[in-house]
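J.: Pasting the sequence and the predicted coordinates here, then a few questions.
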Amino acid sequence: MAKIIFIVLLALSANAKYPQWLQDSVKVVAEFEQPNRYIPSYVEGYGFVINYNLVLTSAKIVFNKKKADEITLYHTEVLGQPIACLSHAKILALDDNLDLAVLEVERFTDIYCNILPTPNFRELSFQKTYFNLFKKPIQTSLQTLLGENLKISYFSEQDWSEFLRSRIAFRDFLDFSKEEKEKMLGMPLFIENDFLGLKVKEFPNASSESLKVGILTHKEILDFLCKLENETLVFKNKKDLKEFCKQP
């Protein structure tokens, strides 16, 4: 009996340490060809896996005057384990004015970045693990976050080690240095387990208060996706998005 209680407590402790959205987070590495093709340039950032094998990230990571030549995604198969190769990805949509890129996962790999034949277990598993973005965003404002001194959550990693949850007061988050903010591009931000938005570059002259401080909110992301859904064929055959965008 004591052993059973210990196992339950251990599971609860692990759940507190590793929220579900950590499993939907990825590291993004984009490769750009340089004039000297033997010395490629790499840009690192983060991303967030949503419905339909799509990944949200900062446009600045995967686009620099031209699209990245190669985009590789990394994550951890088991929380608490080192980060390893997951797949390659391609740019499906991009808006530099929002610093948002939507990637589509393709060519799954093993943990050593060798491309796997299809279908494969990683592809099948990946289709079942994602954050459902198509739901009503939380109703909050920057003033509320500052006034109530709320804490936001994000994931952190150092030197390709495991993803861990980090919490910080929103006011302190805004005080991060320019270098610290650059390293967080593409990072999903949460209030507890409610998705707040994506860390993007700052737009001091933006009409959106959140974009001024470098946060693209859940609502702003949905507005962008629904605009593409209504005006283009980028997201064809994505029924859940189509149904969501029809809602008032």
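T.: Everything's here; your move.
J.: how about the strands in this structure?
T.: 25-32, 41-50, 54-58, 70-75, 84-95, 100-108, 151-156, 164-169, 188-191, 194-199, 215-217 (DSSP state E).
J.: Of those strands, which is nearest Asp240?
T.: Of all the strands of the chain, it is strand 41-50 that lies closest to Asp240, at 10.3 Å by C-beta to C-beta. For glycine as for every other residue, the C-beta is placed from the backbone atoms N, C-alpha and C.
J.: what angle do the closest one and strand 84-95 make?
T.: 90 degrees (axes from the mean of the first three to the mean of the last three C-alpha atoms, to 10 degrees).
J.: Tell me who's in contact with the residue positioned nearest the centre of the chain.
T.: Computing the C-alpha centroid of the chain and ranking residues by C-alpha atoms, centre = their mean puts Phe48 first, at 2.0 Å. With contact set as C-beta atoms under 8 Å, 6 or more residues apart in numbering, Phe48 has these partners: Trp21, Asp24, Ser25, Val26, Val55, Leu56, Thr57, Phe131, Gly186, Pro188, Leu198.
J.: picking that back up, return the most buried member of the strands of the chain.
T.: strand 54-58 (a mean of 26; mean count of other C-beta atoms under 10 Å).
J.: which outside residues touch it?
T.: Contacts of strand 54-58 (C-beta under 8 Å, 6+ apart): 26, 28, 45-50, 73, 89, 92, 99-105, 133, 185-186, 188, 198-201, 221.
J.: from the chain's centre, how far out does it sit?
T.: How far strand 54-58 lies from its chain's middle: 5 Å, per C-alpha atoms, centre = their mean, to the nearest Å.
J.: Next: stretch 198-215.
T.: 17 Å.
J.: Compute the first-to-last residue distance for it.
T.: 6 Å (C-alpha to C-alpha, to the nearest Å).
J.: Would you indicate which residues of that stretch are buried?
T.: For stretch 198-215, burial by neighbour count (16 or more other C-beta atoms under 10 Å) applies to Leu198, Lys199, Val200, Lys201, Phe203, Ser210, Leu211, Val213, Gly214, Ile215.
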